[in-house]
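**Q** just need the structure, nothing else, for what follows:
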Amino acid sequence: MSTTAIDLCRALVKCPSVTPQDGGALGVLEAALKQAGFTTNRLVFSEPGAADIDNLYARIGTAAPFLVFAGHTDVVPVGDASKWRFDPFAAEVADDAVWGRGVADMKGAVAAFAAAALDFVARHGTQKGSIGFLITGDEEGPAINGTDKLLRWAHERGERFDHCLVGEPTNPHALGDMIKIGRRGSLNGTLAVHGRQGHVAYPDRAQNPIPHLLRLLETFHAPLDHGTEHFDASNLEITSVDVGNPAFNIIPAEAKARFNIRFNDSWTPETLASELRRRLEEAAEGAHYALAFEPCNALAFLTPPDGFAALVSAAIEKRTGRTPVLSTSGGTSDARFIRAYCPVVEFGLVGATMHMVDEHVAVRDIEALTKIYEAILEDYFS
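**A** Now for the predicted structure:
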């Protein structure tokens, strides 16, 4: 079974599925599932201004409980391919590891849970419940035509999930380190300060927006909160300050700053916006500014630790000897959409090299993860 997982992983990595391209990855997975008796649906979702995205939904069984695995086969760009040890899409095996773009995030986990499910079905059939797959090609992109729409499509067809396991690379250092039971939200914003353009030799005839912008940004440094029971403190990072002024002798008319907030479950995008506007109003001192936010589809969420999280933890500890930390750290994932439909936790490979040049994962970790997923299936349907 572990060899099958490695072979499937390598077949997936060989597909150049840089978002929004599928590169044949979903076809590789669909063929393996179909051969085992899964009913599959390939769905392309569209929206003006966004790329069309190919998605895969698969299910075997009709009874409850229904455990669904979720993940993505799209990957980030490789960067400068000449800096890689191997071709990023060759899926070479060397030094007891599989090398290639997406092997950690998250084709290795997709291969592992598919191999585990195929083995479970071969041994037990479907008399104990149902197993499903929600696989998108839009997790690394804007996430508009991916998991969110796939879930709505399935729900409209009457599909009801009892639990979901997402195969994101949750482990910082070693397999078994961490399970994600929630995620922080993510909100992007822009602060623009308006002035009056003029000659630097005649500052009385102009109004420089830059000092006002710097002063207003100081208000963003105050803590937003001190954390909650399951979340660290929310954090605002200024990611750019731009004037767009190519000349030394011109006072610019406008200065802008962009920022991102990773927020915990004590905030919503609306309450964050209100808090920042309150701070700016108190510090404005005549500055003319505008505060704007990007649309937000990444809210903070928590799956309270329950029997499912305990079952996953027990399977991990049994196979690795480690007791995983239940965490809400890190970036966003498609679990933010799934949480509206069923309890969801995340566990996958070690993410140390994800998105990096020479992304790679130890063969033994893919094999061990497959065994962990097998144990989860056995315990879940027992």
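
**Q** backbone dihedrals for the residue nearest to Ile251 when sequence neighbours are not counted, please?
**A** Nearest residue to Ile251, sequence neighbours excluded (CB to CB, 6 or more residues apart in numbering): Ala206, at 4.2 Å. To be clear about C-beta, it is placed using only N, CA and C from the backbone, and glycine gets the same treatment. When read as degrees, to the nearest 10, the backbone of Ala206 gives phi -130, psi 180.

**Q** do the one 3 residues further on as well
**A** Here the main-chain torsion angles of Pro209 (degrees, to the nearest 10) amount to phi -80, psi -10.

**Q** so for the residue nearest to Ile251, what's the pLDDT?
**A** pLDDT recorded at Ala206 is 97.

**Q** for it, give me its contacts.
**A** Taking CB atoms under 8 Å, 6 or more residues apart in numbering, we find Ala206 in contact with 195-199, 251.

**Q** repeat the analysis, applying 7 Å as the threshold.
**A** 196-198, 251 (CB atoms under 7 Å, 6 or more residues apart in numbering).

**Q** again, but for Thr136
**A** Thr136 touches 53, 55, 72, 146-147, 150, 334, counting by CB under 7 Å, 6+ apart.

**Q** if we can go back for a sec, looking at the contacts of Ala206, which are in strands?
**A** 198, 251 (DSSP state E).

**Q** one step back: dump the contacts of Thr136 to TSV, plus distance to Leu175.
**A** Formatted as TSV, these follow (distance: CB to CB, whole Å):
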residue	distance to Leu175
Ile53	30
Asn55	28
His72	20
Gly146	27
Thr147	25
Leu150	28
Asp334	21
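
**Q** tell me the one of those nearest Lys34?
**A** Checking those against Lys34 with CB to CB, the nearest one is Asn55 at 15.8 Å.

**Q** any idea of the mean pLDDT for the helix or strand containing that closest one?
**A** Taking DSSP states H and E as the definition, Asn55 sits inside strand 50-60. Averaged over strand 50-60, pLDDT sits at 98.

**Q** ok, it: who's next to it in the sheet?
**A** If you go by DSSP bridges, strand 50-60 pairs up with strand 39-47 (antiparallel), strand 130-136 (antiparallel).

**Q** OK, contacts around the closest residue to Thr126 other than its chain neighbours?
**A** Using CB to CB, 6+ apart and skipping the chain neighbours, the partner closest in space to Thr126 is Gly61 (3.6 Å). Counting by CB under 7 Å, 6+ apart, Gly61 touches 126, 129-131.

**Q** before we move on, what SS does Asp379 have?
**A** helix (DSSP: H, G, I helix; E, B strand; the rest coil).

**Q** do you know how far Thr305 is from Ile316?
**A** Residue 305: Pro, not Thr. 14 Å (CB to CB, to the nearest Å).

**Q** between the two, which one's more packed in?
**A** Shown here are Pro305 and Ile316; by other CB atoms under 10 Å, Ile316 has more neighbours (25 against 15).
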